[in-house]
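A.B. asks: Have a look; sequence and predicted model below, questions after that.
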Amino acid sequence: VAAEVRLALTGFGNVGQGLAQLLEAHSEEYERRYGVRLLLSGVADRGGAAVASDGLDPGDLLHAKRVSGTVAAASGGEANLAGETFLDRSGADILVEGASTNFTDAEPGWSYAQSAVQREMDVVLASKGALVLHFDRLMAMAGRKRRRVLFSGTIGAPLPILELADRVLVGVRILALEGIVNATTNQILTVMADGASYEEGVRAAQQAGVAESDPTLDVDGWDAAAKAVILARSLFNASLRLDDVRREGIRGIGPADLAGARSRGETYKLVTRIWRDGSLVLAAVAPECRPLNDILGRLRGQEMGVVFKTDLLGDVTSTVQDTGGVPTALTVLRDVINLARERGWAR
Ligand SMILES: NC(=O)c1ccc[n+]([C@@H]2O[C@H](COP(=O)([O-])OP(=O)(O)OC[C@H]3O[C@@H](n4cnc5c(N)ncnc54)[C@H](OP(=O)(O)O)[C@@H]3O)[C@@H](O)[C@H]2O)c1
(Lines give C-alpha, C1' and ligand atoms only; values in the text may rest on other atoms or scores of the structure.)
Protein backbone atom coordinates (compact mmCIF):
# COMPACT_ATOMS: atom_id res chain seq x y z
CA VAL A 1 0.00 0.00 0.00
CA ALA A 2 1.36 3.41 -0.98
CA ALA A 3 2.08 5.83 1.87
CA GLU A 4 0.02 9.00 1.75
CA VAL A 5 1.97 12.26 1.90
CA ARG A 6 -0.06 15.42 2.50
CA LEU A 7 1.09 18.69 1.01
CA ALA A 8 -0.01 22.18 2.05
CA LEU A 9 0.69 24.55 -0.81
CA THR A 10 0.93 28.31 -0.33
CA GLY A 11 0.71 30.32 -3.56
CA PHE A 12 -1.24 29.21 -6.60
CA GLY A 13 0.41 31.07 -9.48
CA ASN A 14 2.68 29.65 -12.18
CA VAL A 15 4.46 27.30 -9.79
CA GLY A 16 1.49 26.26 -7.64
CA GLN A 17 -0.72 25.65 -10.64
CA GLY A 18 2.15 23.80 -12.31
CA LEU A 19 2.27 21.44 -9.34
CA ALA A 20 -1.52 20.94 -9.49
CA GLN A 21 -1.24 20.15 -13.22
CA LEU A 22 1.49 17.59 -12.58
CA LEU A 23 -0.55 15.92 -9.84
CA GLU A 24 -3.69 15.97 -11.94
CA ALA A 25 -1.94 14.27 -14.86
CA HIS A 26 0.61 12.02 -13.15
CA SER A 27 -0.40 11.11 -9.58
CA GLU A 28 -0.92 7.47 -10.44
CA GLU A 29 2.39 7.27 -12.24
CA TYR A 30 4.16 8.82 -9.22
CA GLU A 31 2.45 6.31 -6.97
CA ARG A 32 3.67 3.42 -9.12
CA ARG A 33 7.19 4.78 -9.48
CA TYR A 34 7.82 6.08 -5.98
CA GLY A 35 5.33 4.22 -3.82
CA VAL A 36 3.74 7.38 -2.40
CA ARG A 37 0.36 8.93 -2.95
CA LEU A 38 0.78 12.71 -2.99
CA LEU A 39 -2.29 14.56 -1.72
CA LEU A 40 -2.85 18.29 -1.81
CA SER A 41 -4.49 18.66 1.60
CA GLY A 42 -4.45 22.47 1.54
CA VAL A 43 -3.90 25.23 -1.01
CA ALA A 44 -3.84 28.95 -0.23
CA ASP A 45 -3.72 32.09 -2.36
CA ARG A 46 -4.49 35.69 -1.49
CA GLY A 47 -8.23 35.11 -1.76
CA GLY A 48 -8.30 32.40 0.90
CA ALA A 49 -7.68 28.67 0.92
CA ALA A 50 -9.15 25.23 0.40
CA VAL A 51 -8.48 22.26 2.69
CA ALA A 52 -9.39 18.57 2.69
CA SER A 53 -7.44 15.99 4.67
CA ASP A 54 -8.22 13.28 2.11
CA GLY A 55 -6.91 15.46 -0.71
CA LEU A 56 -8.28 18.27 -2.85
CA ASP A 57 -9.03 17.63 -6.51
CA PRO A 58 -6.29 19.41 -8.54
CA GLY A 59 -8.61 19.81 -11.53
CA ASP A 60 -11.24 21.48 -9.36
CA LEU A 61 -8.61 23.84 -7.86
CA LEU A 62 -7.37 24.82 -11.34
CA HIS A 63 -10.92 25.35 -12.53
CA ALA A 64 -11.89 27.50 -9.51
CA LYS A 65 -8.75 29.60 -9.94
CA ARG A 66 -9.42 30.12 -13.64
CA VAL A 67 -13.08 30.98 -13.20
CA SER A 68 -13.17 32.80 -9.85
CA GLY A 69 -9.58 33.92 -9.37
CA THR A 70 -9.11 32.10 -6.07
CA VAL A 71 -8.90 28.58 -4.66
CA ALA A 72 -11.35 29.74 -1.98
CA ALA A 73 -14.02 29.08 -4.63
CA ALA A 74 -13.04 25.42 -4.94
CA SER A 75 -14.69 22.59 -3.03
CA GLY A 76 -13.35 22.80 0.57
CA GLY A 77 -12.60 26.49 0.06
CA GLU A 78 -13.04 29.45 2.39
CA ALA A 79 -12.30 33.13 1.96
CA ASN A 80 -10.01 34.47 4.72
CA LEU A 81 -8.58 31.05 5.57
CA ALA A 82 -4.83 31.63 5.96
CA GLY A 83 -1.81 31.36 8.24
CA GLU A 84 -1.65 28.95 11.16
CA THR A 85 -5.32 27.99 10.97
CA PHE A 86 -4.78 27.02 7.34
CA LEU A 87 -1.74 24.90 8.21
CA ASP A 88 -3.50 23.21 11.13
CA ARG A 89 -6.56 22.39 9.10
CA SER A 90 -4.47 21.07 6.18
CA GLY A 91 -2.96 18.40 8.44
CA ALA A 92 0.00 18.39 6.04
CA ASP A 93 3.30 16.53 6.32
CA ILE A 94 5.09 19.00 4.06
CA LEU A 95 4.62 22.71 3.42
CA VAL A 96 5.32 23.66 -0.19
CA GLU A 97 5.87 27.44 -0.19
CA GLY A 98 5.28 28.92 -3.65
CA ALA A 99 3.90 32.37 -2.93
CA SER A 100 5.33 35.65 -4.18
CA THR A 101 8.08 36.99 -1.96
CA ASN A 102 10.26 40.03 -1.30
CA PHE A 103 13.64 40.75 0.24
CA THR A 104 12.37 43.21 2.85
CA ASP A 105 10.36 40.98 5.18
CA ALA A 106 10.28 37.72 3.14
CA GLU A 107 6.55 37.35 3.72
CA PRO A 108 4.38 35.36 3.57
CA GLY A 109 6.99 32.60 3.15
CA TRP A 110 8.99 33.36 6.30
CA SER A 111 5.95 33.11 8.61
CA TYR A 112 4.63 30.05 6.82
CA ALA A 113 7.99 28.26 6.97
CA GLN A 114 8.39 28.96 10.71
CA SER A 115 4.82 27.91 11.52
CA ALA A 116 5.22 24.72 9.50
CA VAL A 117 8.46 23.76 11.27
CA GLN A 118 6.83 24.47 14.67
CA ARG A 119 4.09 22.03 13.61
CA GLU A 120 6.75 19.43 12.73
CA MET A 121 6.17 19.71 8.99
CA ASP A 122 9.05 19.49 6.56
CA VAL A 123 9.35 22.43 4.19
CA VAL A 124 9.97 22.70 0.45
CA LEU A 125 10.56 26.26 -0.69
CA ALA A 126 10.14 27.70 -4.16
CA SER A 127 10.20 31.26 -2.80
CA LYS A 128 13.58 32.76 -1.97
CA GLY A 129 12.85 35.50 0.59
CA ALA A 130 13.08 33.43 3.78
CA LEU A 131 16.44 31.94 2.71
CA VAL A 132 17.92 35.26 1.62
CA LEU A 133 17.05 37.00 4.90
CA HIS A 134 16.94 34.17 7.45
CA PHE A 135 18.82 31.11 6.13
CA ASP A 136 20.65 30.24 9.35
CA ARG A 137 17.69 30.92 11.66
CA LEU A 138 15.37 28.79 9.55
CA MET A 139 17.81 25.88 9.35
CA ALA A 140 18.53 26.06 13.12
CA MET A 141 14.81 26.08 13.87
CA ALA A 142 14.26 23.12 11.56
CA GLY A 143 17.24 21.28 13.10
CA ARG A 144 15.79 21.64 16.61
CA LYS A 145 12.53 20.07 15.39
CA ARG A 146 14.39 17.48 13.27
CA ARG A 147 12.68 18.81 10.18
CA ARG A 148 14.14 19.35 6.74
CA VAL A 149 13.99 22.46 4.59
CA LEU A 150 14.68 21.77 0.91
CA PHE A 151 14.95 24.54 -1.63
CA SER A 152 16.12 23.27 -5.05
CA GLY A 153 13.43 25.43 -6.66
CA THR A 154 14.93 28.68 -5.41
CA ILE A 155 18.23 28.66 -7.28
CA GLY A 156 17.64 28.33 -10.98
CA ALA A 157 14.95 25.66 -11.03
CA PRO A 158 14.99 23.04 -12.48
CA LEU A 159 18.82 23.00 -12.75
CA PRO A 160 20.44 20.30 -10.66
CA ILE A 161 22.83 22.41 -8.58
CA LEU A 162 22.65 21.33 -4.95
CA GLU A 163 22.33 17.66 -5.85
CA LEU A 164 25.28 17.89 -8.21
CA ALA A 165 27.40 19.57 -5.55
CA ASP A 166 26.28 17.27 -2.76
CA ARG A 167 25.98 13.89 -4.46
CA VAL A 168 28.30 14.11 -7.45
CA LEU A 169 31.17 16.36 -6.44
CA VAL A 170 32.04 14.17 -3.46
CA GLY A 171 35.71 14.62 -2.58
CA VAL A 172 35.96 17.53 -4.97
CA ARG A 173 36.45 21.13 -3.90
CA ILE A 174 34.35 23.79 -5.61
CA LEU A 175 36.69 26.71 -6.17
CA ALA A 176 34.20 28.99 -7.89
CA LEU A 177 30.89 28.99 -9.70
CA GLU A 178 29.64 30.94 -12.67
CA GLY A 179 26.23 30.69 -14.22
CA ILE A 180 23.16 32.02 -15.88
CA VAL A 181 20.55 31.53 -13.17
CA ASN A 182 17.88 33.99 -14.28
CA ALA A 183 15.78 32.86 -17.23
CA THR A 184 14.01 36.19 -17.73
CA THR A 185 17.13 38.20 -18.44
CA ASN A 186 18.49 35.46 -20.68
CA GLN A 187 15.27 35.50 -22.65
CA ILE A 188 15.35 39.30 -22.96
CA LEU A 189 19.02 39.37 -24.03
CA THR A 190 18.45 36.57 -26.55
CA VAL A 191 15.44 38.25 -28.14
CA MET A 192 17.32 41.57 -28.25
CA ALA A 193 20.39 39.91 -29.79
CA ASP A 194 18.06 38.72 -32.56
CA GLY A 195 17.02 42.33 -33.19
CA ALA A 196 13.88 42.76 -31.05
CA SER A 197 13.24 45.46 -28.47
CA TYR A 198 13.65 45.25 -24.71
CA GLU A 199 9.84 45.40 -24.29
CA GLU A 200 9.37 42.44 -26.65
CA GLY A 201 11.91 40.53 -24.59
CA VAL A 202 10.05 41.23 -21.33
CA ARG A 203 6.77 40.13 -22.93
CA ALA A 204 8.33 36.88 -24.18
CA ALA A 205 9.58 36.11 -20.66
CA GLN A 206 6.21 36.91 -19.10
CA GLN A 207 4.40 34.68 -21.59
CA ALA A 208 6.79 31.85 -20.77
CA GLY A 209 5.93 32.21 -17.04
CA VAL A 210 9.58 32.78 -16.08
CA ALA A 211 9.42 36.52 -15.32
CA GLU A 212 8.86 37.61 -11.73
CA SER A 213 5.56 39.48 -11.40
CA ASP A 214 7.70 42.59 -10.96
CA PRO A 215 10.33 42.22 -13.76
CA THR A 216 12.60 44.85 -12.15
CA LEU A 217 13.60 42.04 -9.75
CA ASP A 218 14.94 40.19 -12.80
CA VAL A 219 16.32 42.97 -15.00
CA ASP A 220 18.12 44.80 -12.19
CA GLY A 221 19.77 41.59 -11.06
CA TRP A 222 18.01 41.25 -7.68
CA ASP A 223 16.73 37.75 -8.41
CA ALA A 224 20.17 36.55 -9.53
CA ALA A 225 21.79 38.24 -6.51
CA ALA A 226 19.28 36.51 -4.20
CA LYS A 227 20.25 33.19 -5.77
CA ALA A 228 23.92 34.06 -5.24
CA VAL A 229 23.22 34.57 -1.52
CA ILE A 230 21.53 31.17 -1.27
CA LEU A 231 24.27 29.46 -3.31
CA ALA A 232 27.07 31.09 -1.32
CA ARG A 233 25.47 29.85 1.90
CA SER A 234 24.72 26.33 0.71
CA LEU A 235 27.78 25.59 -1.46
CA PHE A 236 30.51 27.80 0.02
CA ASN A 237 29.31 27.97 3.63
CA ALA A 238 29.44 31.77 3.46
CA SER A 239 26.80 34.07 4.91
CA LEU A 240 26.43 36.98 2.49
CA ARG A 241 23.75 39.62 2.68
CA LEU A 242 21.99 40.71 -0.50
CA ASP A 243 23.93 43.98 -0.28
CA ASP A 244 27.23 42.08 -0.28
CA VAL A 245 26.59 40.86 -3.84
CA ARG A 246 28.01 43.32 -6.37
CA ARG A 247 25.04 43.80 -8.67
CA GLU A 248 24.55 45.26 -12.11
CA GLY A 249 21.45 44.46 -14.21
CA ILE A 250 20.89 44.45 -17.96
CA ARG A 251 19.28 47.86 -18.43
CA GLY A 252 22.57 49.31 -19.65
CA ILE A 253 22.82 46.84 -22.56
CA GLY A 254 21.33 48.29 -25.73
CA PRO A 255 20.76 46.95 -29.26
CA ALA A 256 24.04 48.54 -30.43
CA ASP A 257 26.04 46.66 -27.75
CA LEU A 258 24.44 43.38 -28.78
CA ALA A 259 25.02 44.02 -32.50
CA GLY A 260 28.65 44.92 -31.83
CA ALA A 261 29.16 41.80 -29.75
CA ARG A 262 27.60 39.67 -32.46
CA SER A 263 29.99 40.98 -35.09
CA ARG A 264 32.83 39.72 -32.86
CA GLY A 265 31.18 36.29 -32.41
CA GLU A 266 30.11 37.16 -28.89
CA THR A 267 26.94 37.97 -26.96
CA TYR A 268 25.95 39.53 -23.63
CA LYS A 269 24.81 37.34 -20.76
CA LEU A 270 23.86 38.20 -17.18
CA VAL A 271 26.42 36.12 -15.31
CA THR A 272 26.35 35.29 -11.60
CA ARG A 273 29.73 34.50 -10.07
CA ILE A 274 30.81 33.23 -6.69
CA TRP A 275 34.48 32.81 -5.91
CA ARG A 276 36.98 32.56 -3.08
CA ASP A 277 39.50 35.28 -2.34
CA GLY A 278 41.73 33.97 0.43
CA SER A 279 39.34 33.22 3.30
CA LEU A 280 36.61 35.42 1.81
CA VAL A 281 33.76 34.34 -0.45
CA LEU A 282 32.67 36.99 -2.92
CA ALA A 283 29.71 37.16 -5.29
CA ALA A 284 28.73 39.35 -8.21
CA VAL A 285 26.00 39.62 -10.83
CA ALA A 286 26.86 41.54 -13.99
CA PRO A 287 26.44 41.48 -17.78
CA GLU A 288 29.43 39.86 -19.49
CA CYS A 289 30.40 39.45 -23.10
CA ARG A 290 30.78 35.73 -23.81
CA PRO A 291 31.87 33.91 -26.99
CA LEU A 292 28.79 32.54 -28.78
CA ASN A 293 30.23 29.04 -28.58
CA ASP A 294 31.17 28.99 -24.90
CA ILE A 295 29.10 27.01 -22.45
CA LEU A 296 27.22 30.04 -21.10
CA GLY A 297 27.33 32.04 -24.34
CA ARG A 298 25.48 29.21 -26.07
CA LEU A 299 22.49 29.29 -23.70
CA ARG A 300 19.57 30.95 -25.45
CA GLY A 301 16.05 31.99 -24.43
CA GLN A 302 14.99 30.56 -21.11
CA GLU A 303 17.93 28.19 -20.92
CA MET A 304 20.02 28.34 -17.77
CA GLY A 305 23.26 26.77 -16.68
CA VAL A 306 26.04 26.72 -14.12
CA VAL A 307 29.71 25.88 -14.35
CA PHE A 308 31.43 24.59 -11.22
CA LYS A 309 35.16 25.37 -11.25
CA THR A 310 36.68 22.48 -9.32
CA ASP A 311 40.11 21.41 -8.12
CA LEU A 312 40.12 17.81 -9.36
CA LEU A 313 37.65 17.72 -12.26
CA GLY A 314 38.13 21.12 -13.90
CA ASP A 315 34.83 22.53 -15.12
CA VAL A 316 31.69 20.56 -14.29
CA THR A 317 28.62 21.87 -16.01
CA SER A 318 24.87 21.60 -15.68
CA THR A 319 22.43 23.19 -18.13
CA VAL A 320 18.70 23.00 -18.73
CA GLN A 321 16.51 23.95 -21.66
CA ASP A 322 13.00 24.35 -20.25
CA THR A 323 12.27 26.55 -17.27
CA GLY A 324 9.16 28.34 -15.97
CA GLY A 325 6.19 27.32 -13.86
CA VAL A 326 5.90 23.61 -14.63
CA PRO A 327 9.67 22.88 -14.62
CA THR A 328 9.86 24.70 -11.27
CA ALA A 329 6.93 22.60 -10.06
CA LEU A 330 8.92 19.52 -11.15
CA THR A 331 11.79 20.77 -9.00
CA VAL A 332 9.40 21.06 -6.06
CA LEU A 333 8.19 17.55 -6.81
CA ARG A 334 11.81 16.34 -6.79
CA ASP A 335 12.33 17.85 -3.31
CA VAL A 336 9.06 16.32 -2.09
CA ILE A 337 9.91 12.84 -3.39
CA ASN A 338 13.48 13.01 -2.10
CA LEU A 339 12.18 14.11 1.30
CA ALA A 340 9.72 11.23 1.28
CA ARG A 341 12.63 8.91 0.49
CA GLU A 342 14.68 10.29 3.39
CA ARG A 343 11.76 9.69 5.70
CA GLY A 344 11.35 6.16 4.38
CA TRP A 345 7.92 6.78 2.86
CA ALA A 346 8.97 6.58 -0.79
CA ARG A 347 11.28 4.33 -2.76
N1 LIG B 1 7.98 31.01 -12.10
C2 LIG B 1 9.20 30.54 -11.96
O3 LIG B 1 9.82 30.14 -12.93
C4 LIG B 1 9.85 30.44 -10.60
C5 LIG B 1 11.03 29.73 -10.49
C6 LIG B 1 11.62 29.57 -9.24
C7 LIG B 1 11.08 30.18 -8.13
N8 LIG B 1 9.93 30.91 -8.25
C9 LIG B 1 9.37 31.52 -7.04
O10 LIG B 1 8.19 30.81 -6.68
C11 LIG B 1 7.22 31.69 -6.16
C12 LIG B 1 5.98 31.59 -7.02
O13 LIG B 1 6.29 31.96 -8.36
P14 LIG B 1 5.15 32.10 -9.44
O15 LIG B 1 5.82 32.29 -10.75
O16 LIG B 1 4.18 30.98 -9.24
O17 LIG B 1 4.48 33.48 -8.97
P18 LIG B 1 3.05 34.05 -9.34
O19 LIG B 1 2.54 33.41 -10.58
O20 LIG B 1 3.15 35.52 -9.25
O21 LIG B 1 2.13 33.51 -8.14
C22 LIG B 1 2.31 33.94 -6.82
C23 LIG B 1 1.23 33.33 -5.97
O24 LIG B 1 1.46 33.71 -4.61
C25 LIG B 1 0.19 34.01 -4.06
N26 LIG B 1 0.34 34.85 -2.88
C27 LIG B 1 0.87 36.09 -2.77
N28 LIG B 1 0.77 36.52 -1.49
C29 LIG B 1 0.18 35.51 -0.79
C30 LIG B 1 -0.19 35.34 0.57
N31 LIG B 1 0.03 36.29 1.47
N32 LIG B 1 -0.77 34.18 0.93
C33 LIG B 1 -1.01 33.20 0.03
N34 LIG B 1 -0.66 33.31 -1.26
C35 LIG B 1 -0.08 34.44 -1.67
C36 LIG B 1 -0.56 34.69 -5.17
O37 LIG B 1 -1.95 34.72 -4.89
P38 LIG B 1 -3.04 35.25 -5.95
O39 LIG B 1 -3.10 34.17 -7.01
O40 LIG B 1 -4.30 35.31 -5.14
O41 LIG B 1 -2.54 36.56 -6.45
C42 LIG B 1 -0.19 33.78 -6.34
O43 LIG B 1 -1.05 32.67 -6.38
C44 LIG B 1 7.85 33.10 -6.17
O45 LIG B 1 8.35 33.38 -4.89
C46 LIG B 1 8.96 32.97 -7.20
O47 LIG B 1 10.02 33.84 -6.92
C48 LIG B 1 9.30 31.04 -9.45
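C.D. replies: Structure's in. What do you need?

A.B. asks: From here on, just use CA atoms for contacts and neighbour counts.
C.D. replies: Fine.

A.B. asks: how about the strands in this protein?
C.D. replies: 3-10, 36-45, 48-51, 77-79, 94-97, 122-125, 149-150, 174-180, 246-247, 266-277, 280-291, 304-310, 315-320 (DSSP state E).

A.B. asks: Okay, residue 192 and the ligand: tell me how far apart.
C.D. replies: 21 Å (C-alpha to the nearest ligand atom, to the nearest Å).

A.B. asks: Contact partners for that residue?
C.D. replies: Counting by C-alpha atoms under 8 Å, 6 or more residues apart in numbering, residue 192 touches 198, 201, 255, 258.

A.B. asks: Now for those residues: which two are most distant?
C.D. replies: Farthest pair in these (C-alpha to C-alpha) is 201 and 258. Separation: 13.5 Å.

A.B. asks: low-scoring pLDDT stretches of the stretch 101-250 of the chain, where are they?
C.D. replies: Counting by pLDDT under 70, the stretch 101-250 of the chain contains no low-confidence residues.

A.B. asks: Find the closest residue to the ligand in it.
C.D. replies: Nearest residue of the stretch 101-250 of the chain to the ligand, counting by C-alpha to the nearest ligand atom: residue 127, 3.5 Å away.

A.B. asks: got a list of what that residue touches?
C.D. replies: For residue 127, the contact set (C-alpha under 8 Å, 6+ apart) comprises 97, 98, 99, 100, 101, 109, 153, 154.

A.B. asks: returning to that earlier point: would JSON lines of the strands of the chain with mean neighbour count and distance to residue 224 be doable?
C.D. replies: What follows is these, written out as JSON lines (neighbours: other C-alpha atoms under 10 Å; distance: least, C-alpha to C-alpha, whole Å):
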{"stretch": "strand 3-10", "mean neighbour count": "23", "distance to residue 224": "23"}
{"stretch": "strand 36-45", "mean neighbour count": "26", "distance to residue 224": "25"}
{"stretch": "strand 48-51", "mean neighbour count": "26", "distance to residue 224": "31"}
{"stretch": "strand 77-79", "mean neighbour count": "19", "distance to residue 224": "35"}
{"stretch": "strand 94-97", "mean neighbour count": "29", "distance to residue 224": "19"}
{"stretch": "strand 122-125", "mean neighbour count": "26", "distance to residue 224": "17"}
{"stretch": "strand 149-150", "mean neighbour count": "22", "distance to residue 224": "19"}
{"stretch": "strand 174-180", "mean neighbour count": "22", "distance to residue 224": "8"}
{"stretch": "strand 246-247", "mean neighbour count": "16", "distance to residue 224": "9"}
{"stretch": "strand 266-277", "mean neighbour count": "22", "distance to residue 224": "7"}
{"stretch": "strand 280-291", "mean neighbour count": "19", "distance to residue 224": "7"}
{"stretch": "strand 304-310", "mean neighbour count": "22", "distance to residue 224": "12"}
{"stretch": "strand 315-320", "mean neighbour count": "17", "distance to residue 224": "16"}
